[in-house]
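Peer 1: Next one to model:
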Amino acid sequence: MTMASPLIGAQLLQMGNGLVDAIVAGRLGRAELAAGGIGATVWFFVSLLCIGLMAGLSPMLSKLIGDRRRNAVGAVFRQGLWLGVIAGSAGCAIILIFRANLSNTSLDPELWPLVSDYLLAACWSMPALAIVLAARNVCEATNLTRPVLLVQLFGLLVNIIVDLTLGLGLFGFPKLGMFGIGLATSIVTICMAVILLWLLRGPKFKRYNLFASIDYPQWAHLGPMLSLSLPIFFALVFEAGLFSATAYQSGSLSTLQASAHFIAIGATAFCYMLPLGLSFALTARVGRVYGRGARQSLGLRVFVGILITVSMAIATAILLLLFRYPITAIYTNDVELRQLAAQLLLIAVVFQLSDGLQAALFGTLRGLQDTKIPMLINLVSYWLVAFGIGYSLAHHAGWGVHGLWVGLVIGLSLSATLLWLRLRYQLKKFIDEPASVSAAV
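Peer 2: Coordinates of the predicted model:
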C-alpha cells in the first residue's frame with residue numbers, strides 16, 4: 001500500500017476536480033449541470049485516446065526495471081512522450097469536430113450552446129494530459145509515486161480557484177459559465193504537465209536518464225508499446241464508451257434524468273477511483289515480478305490486491321447506502337432531482353464489488369502483459385450485454401434511466417467474472433512454466 005496510497009489519493013483528487021466542476025455547474029442551473037455532465041463525458045471519452053495509448057508505458061518500464069535495464073528506461077520514456085503528443089493533438093481535434101456537429105445529435109437543443117462552450121475551452125488540455133500520463137507512468141514504474149499525489153493536489157487547488165473566478169464570476173472576475181469551467185480544465189492540466197516534467201529532472205529520477213537526449217520517434221520502441229497499448233485503449237473505450245453511451249441516452253430521455261445520472265455517476269466514479277488507483281500500482285508491481293520470473297511474489301501480490309479491492313468495495317457500498325441523500329444534496333437544491341439521483345445511487349451499491357474487481361483484475365493482467373483477451377472480455381460484457389439490456393429496459397420496457405443502470409450492473413458483474421477466470425488461467429500458466437522459461441520472459 002506504500003506505493004498504491006499516493007496513486008489512490010491522486011485518483012480521488014482527480015475526481016475532486018470533476019466534483020468541483022459539477023458543484024459549480026449545479027449552482028449555474030439544471031441545464032448547466034446536465035451540459036457539464038455531457039461535456040465532461042465527451043472529454044473523458046476522448047481522453048481515453050491518451051490514457052489507453054500511454055497505458056503500455058508503465059508495464060514496459062516496470063519490466064525494464066525488473067530486468068535491471070535502467071539505461072533503457074529513458075529512451076522508452078522519450079518515445080512515450082512522442083506518442084503522447086500525437087495522441088493528445090488528435091484528441092483535441094476530435095473534440096472540436098464533435099463540437100461542430102452538436103446540432104446533429106439527439107441532445108436537447110437547450111444544452112447545445114452550453115456543451116459547446118465547455119468543449120471549446122476544455123479541448124486544449126489534451127496534449128498536456130498525454131504528457132502528464134507519460135510522467136505519471138514513470139513514477140508508477142519506479143515506485144516513486146508521491147509526486148503524482150502532490151501535483152494532483154496542486155491541480156485541485158488551481159481548479160477550485162479558476163472555477164470560482166471564471167465559472168461563477170466571483171471576486172470581480174467575468175462570469176464565463178460553462179466556458180470558464182472548461183477553461184479551468186485546460187489551465188490545470190497544463191500546469192500539472194509542466195510541474196511533473198520539472199520533478200522528473202530531480203535527483204531521484206536521475207539514474208534513469210529520462211532527458212539524456214532529444215530522440216526522434218523510433219518504431220523499435222513505439223511498436224512494442226503500441227502492441228500493448230492498443231488493446232488496453234480499446235478495452236477502455238469499450239468500458240468508458242458504455243458509460244458515455246449511458247450518459248448520452250440519459251440526455252435523450254430528459255434533462256431531469258440526465259442531471260440525475262450525472263450526479264449519481266459522479267459519486268460512483270469517485271468511489272471507483274479507489275480500485276482504479278490500486279490497479280495502477282498492481283500493474284507496476286506485477287510487471288516487476290513478472291520480469292524477474294518470481295512466482296511466489298506474483299501470487300502474493302495478486303492475493304493482497306484482490307483482498308484490498310474487496311475491502312474497498314464493501315466500504316464504498318456502505319457509504320453510498322447510508323449517505324446517498326446527503327451526497328445528492330451537495331450537487332443541487334432541486335428536491336425532485338435529488339430524489340431521482342438517490343434512487344440511482346441505491347442501484348450503484350449493488351455493483352461496487354464487481355466494478356472494483358474488474359479494475360483490479362484488469363490492472364493485474366496488464367502487468368502480466370496480457371491485454372488482448374481482456375479487451376475482448378470488455379467488448380462482450382459492456383456492449384453486447386450491458387448496453388443491449390440497458391437500452392431495451394430504458395427505451396422499450398419504460399424503465400428510463402433506471403433501466404440504463406440495471407444494464408451497468410449486469411455488464412460489470414459479467415466482466416469481473418470473466419477477468420477473474422482469465423487471471424486464474426494466466427497464473428496457472430505462469431506457475432507451470434519451466435523456471436528457465438519464466439525467468440527469461
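Peer 1: hey, let's count contacts and neighbours off CA atoms from now on
Peer 2: Noted.
Peer 1: Now Trp112: closest residue in space, sequence neighbours ignored.
Peer 2: Leu102 (6.2 Å; C-alpha to C-alpha, 6 or more residues apart in numbering).
Peer 1: Relative to Gln257, how far out is that neighbour?
Peer 2: 20 Å (C-alpha to C-alpha, to the nearest Å).
Peer 1: Please apply the same query to Ile330.
Peer 2: With distances taken as C-alpha to C-alpha, Ile330 is found 17 Å from Gln257.
Peer 1: Looking at the two, which is more packed in?
Peer 2: Gln257 (22 against 14; other C-alpha atoms under 10 Å).
Peer 1: Thought Gly251 was touching the more buried one, still the case?
Peer 2: Yes - between Gln257 and Gly251 there is a contact under C-alpha atoms under 8 Å: 7.1 Å.
Peer 1: Could you pull up the mean pLDDT of the strand or helix carrying Gly403?
Peer 2: Per DSSP states H and E, Gly403 falls inside helix 401-432. For helix 401-432, mean pLDDT is 89.
Peer 1: What does the pLDDT read for Thr2?
Peer 2: Taking Thr2 on its own, its pLDDT is 59.
Peer 1: Tell me how many other residues crowd Arg301.
Peer 2: Arg301 has 16 neighbouring residues, counting by other C-alpha under 10 Å.
Peer 1: Next, work out how far apart Leu346 and Ile327 are.
Peer 2: 12 Å.
Peer 1: just Ala267 next, same as before
Peer 2: Using C-alpha to C-alpha, Ala267 is found at 8 Å from Ile327.
Peer 1: cool, Arg366 as well?
Peer 2: In terms of C-alpha to C-alpha, Arg366 sits 34 Å off from Ile327.
Peer 1: Neighbour count: those two, which is higher?
Peer 2: Between Arg366 and Ile327, counted using other C-alpha under 10 Å, Arg366 has the larger neighbour count: 27 against 19.
Peer 1: check contacts around the more buried one.
Peer 2: 59, 283, 287 (C-alpha atoms under 8 Å, 6 or more residues apart in numbering).
Peer 1: List just the nearest of those to Leu393.
Peer 2: Proximity of the contacts of Arg366 to Leu393 (C-alpha to C-alpha) peaks at Thr283, which lies at 36.2 Å.
Peer 1: for the stretch 251-400 of the chain, what are the low-confidence residue spans?
Peer 2: Residues of the stretch 251-400 of the chain meeting the criterion pLDDT under 70: 291-296.
Peer 1: Tell me where it has helices.
Peer 2: Along the stretch 251-400 of the chain, the segments classed as helices by DSSP state H, counting those that start in this stretch run 255-292, 295-331, 335-350, 352-367, 372-378, 388-395.
Peer 1: Present those helices as a markdown table; the columns should include distance to Asn17.
Peer 2: Output for the helices of the stretch 251-400 of the chain, formatted as a markdown table (distance: least, C-alpha to C-alpha, whole Å):
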| stretch | distance to Asn17 |
| --- | --- |
| helix 255-292 | 10 |
| helix 295-331 | 14 |
| helix 335-350 | 20 |
| helix 352-367 | 21 |
| helix 372-378 | 27 |
| helix 388-395 | 29 |
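Peer 1: ranking these by burial, who's on top?
Peer 2: Stretch with highest mean neighbour count among those: helix 352-367 (a mean of 27; mean count of other C-alpha atoms under 10 Å).
Peer 1: Local confidence estimate at the residue lying closest to Gly266 once chain neighbours are set aside?
Peer 2: Sequence neighbours aside, Leu19 is the residue nearest to Gly266 in space, at 7.1 Å (criterion: C-alpha to C-alpha, 6+ apart). Confidence at Leu19, expressed as pLDDT, is 79.
Peer 1: residue boundaries of the strands in the stretch 101-250 of the chain?
Peer 2: Ranges of strands in the stretch 101-250 of the chain, per DSSP state E, counting those that start in this stretch: none exist.
Peer 1: quick one: the helices in it?
Peer 2: 112-122, 126-141, 146-162, 178-199, 219-253.
Peer 1: These into a markdown table, with extra columns for mean neighbour count?
Peer 2: Below are the helices of the stretch 101-250 of the chain laid out as a markdown table (neighbours: other C-alpha atoms under 10 Å):
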| stretch | mean neighbour count |
| --- | --- |
| helix 112-122 | 22 |
| helix 126-141 | 26 |
| helix 146-162 | 20 |
| helix 178-199 | 22 |
| helix 219-253 | 20 |
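Peer 1: Serialize those helices to a markdown table and add fields for distance to Leu337.
Peer 2: Shown next, in a markdown table, are these (distance: least, C-alpha to C-alpha, whole Å):
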| stretch | distance to Leu337 |
| --- | --- |
| helix 112-122 | 20 |
| helix 126-141 | 32 |
| helix 146-162 | 24 |
| helix 178-199 | 20 |
| helix 219-253 | 13 |
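Peer 1: hmm, back to that, would you quantify the distance from the residue nearest to Gly266 to Asn159?
Peer 2: From Leu19 to Asn159 the distance is 11 Å (C-alpha to C-alpha).
Peer 1: what do you get for Leu196?
Peer 2: Distance of Leu196 to Asn159, computed by C-alpha to C-alpha: 17 Å.
Peer 1: Same question for Val349.
Peer 2: Distance of Val349 to Asn159, computed by C-alpha to C-alpha: 29 Å.
Peer 1: Repeat that for Leu384.
Peer 2: Distance from Leu384 to Asn159, counting by C-alpha to C-alpha: 38 Å.
Peer 1: Asp370 too?
Peer 2: Relative to Asn159, and taking C-alpha to C-alpha, Asp370 is found at 36 Å.
Peer 1: now do Asp355
Peer 2: Taking C-alpha to C-alpha, one finds Asp355 at 28 Å from Asn159.
Peer 1: and if you look at Ser213?
Peer 2: For Ser213, the distance to Asn159 - C-alpha to C-alpha - is 34 Å.
Peer 1: How about Arg69?
Peer 2: Distance from Arg69 to Asn159, by C-alpha to C-alpha: 39 Å.
Peer 1: ditto for Leu83
Peer 2: 27 Å.
Peer 1: before we move on, what about Pro326?
Peer 2: Pro326 is 24 Å from Asn159, by C-alpha to C-alpha.
Peer 1: What about the residue nearest to Gly266, how many residues nearby?
Peer 2: Neighbourhood size, Leu19 [other C-alpha under 10 Å]: 18.
Peer 1: Could you say which helix or strand holds it?
Peer 2: Counting by DSSP H and E, the element that carries Leu19 is helix 4-28.
Peer 1: residues in contact with that helix?
Peer 2: For helix 4-28, using C-alpha under 8 Å, 6+ apart, the contacting residues are 32-33, 36-37, 145-146, 148-150, 152-153, 156, 159-160, 163-164, 167-168, 177-178, 181, 263, 266, 269-270, 273-278, 280-281, 330-332.
Peer 1: Could you give the number of residues near Leu412?
Peer 2: Counted with other C-alpha under 10 Å, Leu412 comes out at 25.
Peer 1: From what I see, it and Gln352 are in contact.
Peer 2: No - contact between Leu412 and Gln352 fails when scored by C-alpha under 8 Å: they sit 9.3 Å apart.
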